[in-house]
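1. following is a predicted model, sequence given first.
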Amino acid sequence: MKLLMHTCCAPCSVYCIESLRNERIEPVLYWYNPNIHPYIEYKTRRDTLKEYSKMINAQAIFDEEYGLDNFCKNVINDLENRCVNYCYKVRLEKTVQYAKEKGYDAFTSTLFVSPYQKHEELKKLCEQLAQKYDIQFLYRDFRVGFREGQAKARELGLYMQKYCGCIFSEEMRYYNRNPIQTSNTNGYEIPKEPRMQVKKIENKEDYIDLLLEADPSKDMIHKYLNDSDVYALKKEDELISIAVILHIDRKTLELKNIVTKENYRNKGYAKTLLKSLCGNYKQKYDRMLVGTTENNIPFYVKQGFDKYEKTIKNFFIDNYKEEIKDGELTCTDLIYYSKDLKKK
């Protein structure tokens, strides 16, 4: 099947693409979203999709139109119904026209993954367009994978937008600061996610056992622990990750230890904690150092630690009594990188 999938953004496409590929359907992504404003938001979402499509080797077509003027002219007299009467219609009809013209067998949209869209109205519109243009509408209720797709998007570091797209939906988030926390949206039940928070820890010694999973020497930990700030990422009252930050001088910090509880690993929580800490410390500090093993360099570079500083030869041999392993790697040298906290 030759399928054209209207794609509103990269995060929403994650589960849709994976689900279709599991059916052995390879969708061609079609970007046409003149409802996204302002331009910096439009550009960011478009560019994120470009990067993601290359990352997963998916074909993507970008039909450029930043349509603020036309959008405002067409919705200003009926703002309450702008989604159904304009936003959905203008994007999906353009998608169907392109699909028909270029010989595609069917069309669909990533809009069907979101519990916050008017799902039944979308489905009805697509069925009408399929009949009008004599082309198959491939309907899938992707909403079951919404949380899974969003979690994977965060793990990949994709830009996660804070509102639907248009200037009026951006305005709505200031009237209702957290509209996504409702458990029933447009008739579709989704689970509430516990609130994540970063807290400073005072009883540092209570967390030695967890810290030892990243730095297997109590003597080494005690050399920096008392002079450091310790922070925990928690989901409600449950500990997820912990990080230790040492103050080097008035402008420089060092990340001495960061570790996530085993059952939460590989889900992006360490990155979430580190991002929060960097955002907090950048008010007073210029850079953050991290000393790491060869295996972990890619992780830290992706988090912005992209400047090589120095290598301490035989650090793990000289400072640890037992051989230190990181996966299959026998650790010898400690390699330092830094992150410019002021860099945008």
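-> Sure, I can see it. Remember, it's a predicted structure, so these values are computed and weren't measured experimentally.
2. what ranges do the strands span in the stretch 1-150 of the chain?
-> In the stretch 1-150 of the chain, the strands defined using DSSP state E, counting those that start in this stretch lie at 3-6, 27-31, 60-62, 106-109, 136-137.
3. would you turn the ones you listed into a markdown table with mean neighbour count, mean pLDDT and distance to Cys166?
-> Bear in mind the C-beta positions are built from the backbone N, C-alpha and C, glycine included. As requested, the strands of the stretch 1-150 of the chain are exported to a markdown table (neighbours: other C-beta atoms under 10 Å; pLDDT from 0 to 100; distance: least, C-beta to C-beta, whole Å):
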| stretch | mean neighbour count | mean pLDDT | distance to Cys166 |
| --- | --- | --- | --- |
| strand 3-6 | 24 | 98 | 16 |
| strand 27-31 | 23 | 98 | 16 |
| strand 60-62 | 17 | 97 | 19 |
| strand 106-109 | 25 | 98 | 17 |
| strand 136-137 | 16 | 98 | 24 |
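4. what's the closest of these to Cys72?
-> In terms of C-beta to C-beta, the element of the strands of the stretch 1-150 of the chain nearest to Cys72 is strand 27-31, at 21.2 Å.
5. next, format the strands of the stretch 1-150 of the chain as a markdown table and append distance to Val75.
-> Output for these, formatted as a markdown table (distance: least, C-beta to C-beta, whole Å):
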| stretch | distance to Val75 |
| --- | --- |
| strand 3-6 | 19 |
| strand 27-31 | 21 |
| strand 60-62 | 24 |
| strand 106-109 | 20 |
| strand 136-137 | 25 |
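6. which strand or helix spans Phe246?
-> Quick fix: residue 246 reads Leu, not Phe. strand 238-247 (DSSP states H and E).
7. in its sheet, which strands sit next to that strand, and in what direction?
-> Note on strand 238-247: by DSSP bridges, its sheet partners are strand 228-235 (antiparallel), strand 252-260 (antiparallel).
8. which positions in the last one come out as buried?
-> When you say that, I think you mean strand 252-260. 253-260 (16 or more other C-beta atoms under 10 Å).
9. helix or strand right after it?
-> Next along the chain from strand 252-260, counting by DSSP H and E, comes helix 269-281.
10. how about that next one: buried residues?
-> Of all the residues in helix 269-281, those buried under the rule 16+ other C-beta under 10 Å are 269-274, 276-278, 280-281.
11. between those, which has the least confident prediction?
-> Among the buried residues of helix 269-281, Asn280 carries the lowest pLDDT, at 86.
12. how much space between it and Tyr30?
-> Distance check for Asn280 against Tyr30: by C-beta to C-beta, to the nearest Å, it reads 40 Å.
13. again with Thr108
-> Thr108 is 10 Å from Tyr30, where distance means C-beta to C-beta.
14. do Asp340 as well
-> In this view, Asp340 and Tyr30 are 37 Å apart by C-beta to C-beta.
15. so which of the strands paired with strand 238-247 is nearest Glu155?
-> Among those, strand 252-260 sits nearest to Glu155 (C-beta to C-beta), with 12.4 Å.
16. follow-up on the earlier one: shared neighbours of Thr108 and Tyr30, anything?
-> Between them, Thr108 and Tyr30 have 4-6 as joint contacts when contacts are counted by C-beta atoms under 8 Å, 6 or more residues apart in numbering.
17. rebuild those residues as CSV, extending it with distance to Asp286.
-> Formatted as CSV, the shared contacts of Thr108 and Tyr30 follow (distance: C-beta to C-beta, whole Å):
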residue, distance to Asp286
Leu4, 48
Met5, 44
His6, 44
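18. with these in mind, which one is nearest to Ile317?
-> Using C-beta to C-beta, these come closest to Ile317 at Met5, 53.4 Å.
19. wait, what's in contact with the residue nearest to that closest one when sequence neighbours are not counted?
-> Excluding the flanking residues, the one nearest Met5 by C-beta to C-beta, 6 or more residues apart in numbering is Pro27, at 4.0 Å. Pro27 is in contact with 3-5, 16-17, 20, 58, 108, counting by C-beta under 8 Å, 6+ apart.
20. mind giving me the packing neighbours of the lengthiest helix in the chain?
-> Ranked by residue count, the top helix of the chain under DSSP state H comes out as helix 39-55. Counting by 3 or more C-beta pairs under 8 Å, 6 or more residues apart in numbering; DSSP states H and E, the packing neighbours recorded for helix 39-55 are helix 10-22, strand 27-31, strand 60-62.
21. give me the buried positions along it.
-> Buried-residue list, helix 39-55, by 16+ other C-beta under 10 Å: 41-42, 45-46, 48-49, 52-53.
22. next: stretch 143-154.
-> Buried residues in stretch 143-154 (16+ other C-beta under 10 Å): 143, 145-146, 149-154.
23. now that stretch, how far from the centre of its chain.
-> Mean-position distance between stretch 143-154 and its chain equals 10 Å (C-alpha atoms, centre = their mean, to the nearest Å).
24. tell me which of the helices and strands packed on helix 39-55 lies nearest to Asp306.
-> Of the helices and strands packed on helix 39-55, the one closest to Asp306 (C-beta to C-beta) turns out to be helix 10-22, at 22.3 Å.
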